[in-house]
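Student: What shape does this take:
(2 chains)
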Amino acid sequence: MAELDTSSGGGKHKGKGVKKAKKLSTRIDLTPMVDLGFLLITFFIFTTTMSQPTAFKLNLPKDANDVKDQTPTKQSGALTILLSKDNHVFYYEGILDEAGKNFKSSSFKEIRGIIENKKKSVDDKDFFVIIKPNDFCTYQNVIDILDEMSINVVKRYALVDISDGENLLINATEKASN
Amino acid sequence: MSRPKLPRKSTSIDMTAMCDVAFLLLSFFILTTKFKPSESVTINTPSSVASKVAPDKDIVLISIDRNGKVFLSMDDDERKQIIANNLNSTQNLNINVASFVKAKFFGSSLSKLPEFLALPEDKLKADLLPGIPCKDSASNELFIWMKAINEAYAGKKINLLLKGDNISKYPSFKNVIAAFKRNDFLKFQMVTNPESVPIGTNLWRANQSNLPKTEID
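Tutor: Okay, the predicted model is just below:
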């Protein structure tokens, strides 16, 4: 790409004893400059983070101590999801069986299908998801499951404290799987 | 039989136009790049499908770092002044109001706050600080903070943001929420990284069916 200076003629045109001033080309080779320009562009493209952090809205319910203020949920439409350490997910439908028969183990990959199925099988206004994270699950797990609610357009869900019985079941299941 | 001579074309191209474009783009990227301010509390936020951009005005930001320590920061200097005076009078503290306003974030128990405010910049690292104690409901000092904030922001719009680290444990999140609830802060937003909606899900379908509608409108 480099331009050769061809403007100065060979020996042919040399006059008799008259030395013509050498005409220098005013054109500069811009290739290195373009190279440098694009190098910097790529640098800035890669270092720029266009993505701004987004905000995930959460409205908390007011604590209702009175039974009459509490929202009744139908047993058939309730799905309880329990979160535990190492990204473990457990769930049960309706009320927890005393022997823990309907207590099932799941994972973050499978839970979407479970929520979808439950949503299809019950009336929309009865559908209610109860999320119970235990003390060992991470913040990411909680956000992931809340995100799952918005992905599946679950209108009614609640974050509830876990009960001792459920904790025992989780411990037992985790021990059995190890 | 000789072929007609093709005029030999020069292989060099005029680079000026390309150079112009390159530098135009370069100046665009230089000007639009905003360098991230160095943060004393580093937090890796989880991702969510939420598409609303996090607000950056009138914010009260509660951060939970990876060890579950809680930090608080806000951007309104006037309110900070009110909060400092409020804390001084209600908690019998001796806070220097000017340095309270100047502080970028708060991360110590209320009783140690004067010492915290006197710390030099290089000591303000999340790992070295105790964080605001809110382990259980009895010693939940975030409750006192939120109460002071509630009084200072009375009637004014407040964007309550919660920024938690991926690997922080749930109890710290629960305790922060408990402090919110007790002060009737029932609406808040959690800072997350954007993520695309998985294809084929209900939300995806809803978004798809919404698009043509908005076009008609």
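Student: For residue 60, give me its contacts.
Tutor: You didn't say which chain, so I picked chain A. Going by C-beta atoms under 8 Å, 6 or more residues apart in numbering or on different chains, A:L60 touches B:177, B:180-181, B:186-188. Where you see a C-beta, it was placed from the backbone N, CA and C, and this is true even at glycine.
Student: Switch to chain B, please.
Tutor: Contacts of B:V60 (C-beta under 8 Å, 6+ apart): B:72-74, B:149, B:153, B:158-161.
Student: out of the residues you listed, which are buried?
Tutor: Neighbour counting by 16 or more other C-beta atoms under 10 Å in any protein chain shown classes B:72-74, B:149, B:153, B:158-161 among these as buried.
Student: Nearest to B:C134 among those residues?
Tutor: Comparing the buried ones among the contacts of B:V60 against B:C134 with C-beta to C-beta picks out B:L72 as the nearest, at 10.2 Å.
Student: Am I right that the closest one is in a helix?
Tutor: No - applying DSSP: H, G, I helix; E, B strand; the rest coil, one finds B:L72 to be strand, outside a helix.
Student: Find the nearest non-adjacent residue to it, please.
Tutor: Leaving aside its chain neighbours, B:L72 sits nearest to B:F106 (4.8 Å; criterion: C-beta to C-beta, 6 or more residues apart in numbering or on different chains).
Student: So, low pLDDT: which residues of the chain?
Tutor: No chain in the question, so chain A it is. Scanning chain A for pLDDT under 70 picks out the ranges A:1-19, A:49-51, A:63-73, A:98-100, A:178.
Student: should've been chain B
Tutor: For chain B (pLDDT under 70), the answer is B:1-2, B:35-40, B:126, B:137-138, B:210-217.
Student: The longest strand seen in chain B close to chain A?
Tutor: Counting residues, the longest strand found in chain B (DSSP state E) is strand B:187-194. Yes - using C-beta under 8 Å from any C-beta of the partner chain, strand B:187-194 reaches chain A at B:187-194.
Student: hmm, which of the residues you listed are the buried ones?
Tutor: B:188-192.
Student: Would you check which pair of the residues you listed lies furthest apart?
Tutor: Among these, B:F188 and B:T192 lie farthest apart (C-beta to C-beta), at 12.8 Å.
Student: Show me where chain A has its helices.
Tutor: A:31-47, A:111-121, A:139-151, A:164-177 (DSSP state H).
Student: before we move on, back to that, let's have the contacts of B:V60 in CSV, adding distance to A:M33.
Tutor: Converted to CSV, the contacts of B:V60 look like this (distance: C-beta to C-beta, whole Å):
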residue, distance to A:M33
B:L72, 50
B:S73, 45
B:M74, 48
B:I149, 55
B:Y153, 54
B:I158, 52
B:N159, 47
B:L160, 51
B:L161, 45
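Student: Count residues in the vicinity of A:V153, would you?
Tutor: Using other C-beta atoms under 10 Å in any protein chain shown, A:V153 has 15 other residues around it.
Student: Spit out the contact partners of the closest residue to it other than its chain neighbours.
Tutor: With C-beta to C-beta, 6+ apart as the criterion, A:V153 has its nearest non-adjacent residue at 4.4 Å, and that residue is B:N202. Applying C-beta under 8 Å, 6+ apart to B:N202 gives the contacts A:116, A:119, A:151-153.
Student: returning to that earlier point: out of the contacts of B:V60, who's nearest chain A?
Tutor: B:L161 (6.8 Å; C-beta to the nearest C-beta).
Student: Next secondary structure after the helix or strand hosting B:I83?
Tutor: In this structure, B:I83 sits in helix B:77-90 according to DSSP states H and E. The element immediately downstream of helix B:77-90 (helix or strand, assigned by DSSP H and E) is helix B:97-102.
Student: Determine the number of other residues adjacent to A:L36.
Tutor: When neighbours are defined as other C-beta under 10 Å, A:L36 has 14 of them.
Student: and if you look at B:P55?
Tutor: By the criterion of other C-beta under 10 Å, B:P55 has 14 neighbours.
Student: Doesn't it lie inside a helix?
Tutor: No - assessed with three-state DSSP, B:P55 is coil; it does not lie in a helix.
Student: and the closest residue to it other than its chain neighbours, what are its bridge partners?
Tutor: Distances taken as C-beta to C-beta, 6+ apart put B:N159 closest to B:P55, at 4.4 Å, once the chain neighbours are dropped. When bridges are called by DSSP bridges, B:N159 pairs up with B:I59.
Student: got a list of what the closest residue to A:D161 other than its chain neighbours touches?
Tutor: Using C-beta to C-beta, 6+ apart and skipping the chain neighbours, the partner closest in space to A:D161 is A:K132 (7.0 Å). Neighbour list for A:K132: A:80-83, A:159-163, A:166 [criterion: C-beta under 8 Å, 6+ apart].
Student: What of A:Y139?
Tutor: B:46, B:64, B:164-170, B:172-173.
Student: Please work out which of the helices of chain A is packed deepest.
Tutor: helix A:139-151 (a mean of 22; mean count of other C-beta atoms under 10 Å in any protein chain shown).
Student: measure the residue lying closest to B:A103 once chain neighbours are set aside to B:E141 for me?
Tutor: Spatial nearest neighbour of B:A103, excluding adjacent residues (C-beta to C-beta, 6+ apart): B:L117 at 5.8 Å. The gap separating B:L117 from B:E141 is 16 Å, by C-beta to C-beta, to the nearest Å.
Student: how many neighbours does the closest residue to B:K112 other than its chain neighbours have?
Tutor: If the residues on either side of it in the chain are set aside, B:K112 comes closest to B:P130, at 7.5 Å by C-beta to C-beta, 6+ apart. With neighbours defined by other C-beta under 10 Å, the count for B:P130 comes to 12.
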